[in-house]
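Visitor: Got a predicted model here, sequence first, then my questions.
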Amino acid sequence: MLVKTFDELFAELTDRAKNRPEGSGTVAALDAGVHAQGKKVLEEAGEVWIAAEYQSDAELSEEISQLLYRVQVLMLGRGLTLDDVYKYL
Ligand SMILES: N=c1c2ncn([C@@H]3O[C@H](COP(=O)(O)OP(=O)(O)OP(=O)(O)O)[C@@H](O)[C@H]3O)c2ncn1[C@@H]1O[C@H](COP(=O)(O)O)[C@@H](O)[C@H]1O
């Protein structure tokens, strides 16, 4: 199984933002603006919470992956890099 890391996904999304390929959901999410991006983060965070309480490990893992994606979209929407965040870890 080919595994994608957090950093690899961020590099991929950065490339989507730069090259704006046709049909990219990420490009559409970036164009929707920070308000919409923030709402998606909150929505996915809620789904993670519910999955943690009531759903399987696989379902929880999928929700967490979606939350990570939405956080990255928000980071790109605000022009943050991974280092901007990593320096606080
Ligand atoms: N990891 C993700 C990813 N996680 C979640 N999502 C999006 O989030 C949606 C699920 O979130 P929701 O529950 O909010 O579903 P929804 O409200 O029905 O979806 P939308 O109406 O918001 O599209 C999915 O249908 C995807 O649109 C993702 N979209 C893209 N990626 C990865 O990002 C990369 C670039 O993708 P594109 O920009 O689409 O080429 C690729 O590697 C993708 O695998």
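Guide: In hand now; what should we look at?
Visitor: From now on I want contacts and neighbour counts done on CA atoms only, so please keep to that.
Guide: Fine.
Visitor: Is any residue of stretch 16-31 near the ligand?
Guide: Yes - Stretch 16-31 comes into contact with the ligand (CA under 6 Å from any ligand atom), by way of Ser24, Gly25, Thr26, Val27.
Visitor: Got a PyMOL select line for the buried ones in those residues?
Guide: Buried residues within the residues of stretch 16-31 next to the ligand, by 16 or more other CA atoms under 10 Å, are selected in PyMOL with:
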select buried, resi 26+27
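Visitor: Name the nearest of the residues of stretch 16-31 next to the ligand relative to Thr5.
Guide: Thr26 (17.2 Å; CA to CA).
Visitor: Check which helix or strand the closest one maps to.
Guide: If you go by DSSP states H and E, Thr26 is part of helix 25-31.
Visitor: how about the residues of the chain near the ligand?
Guide: Counting by CA under 6 Å from any ligand atom, the chain comes close to the ligand at Leu13, Ser24, Gly25, Thr26, Val27, Gln66, Tyr69.
Visitor: looking at it, the fifth one is touching Arg16, isn't it?
Guide: Read it as Val27. Yes - using CA atoms under 8 Å, Val27 is in contact with Arg16, at 6.5 Å.
Visitor: And the helices in this protein, which stretches?
Guide: Shown for the chain, the helices assigned by DSSP state H span residues 6-19, 25-31, 33-54, 57-78, 82-86.
Visitor: Off-centre distance for the fourth one?
Guide: Taking CA atoms, centre = their mean, to the nearest Å, the mean C-alpha location of helix 57-78 is offset from the chain mean by 4 Å.
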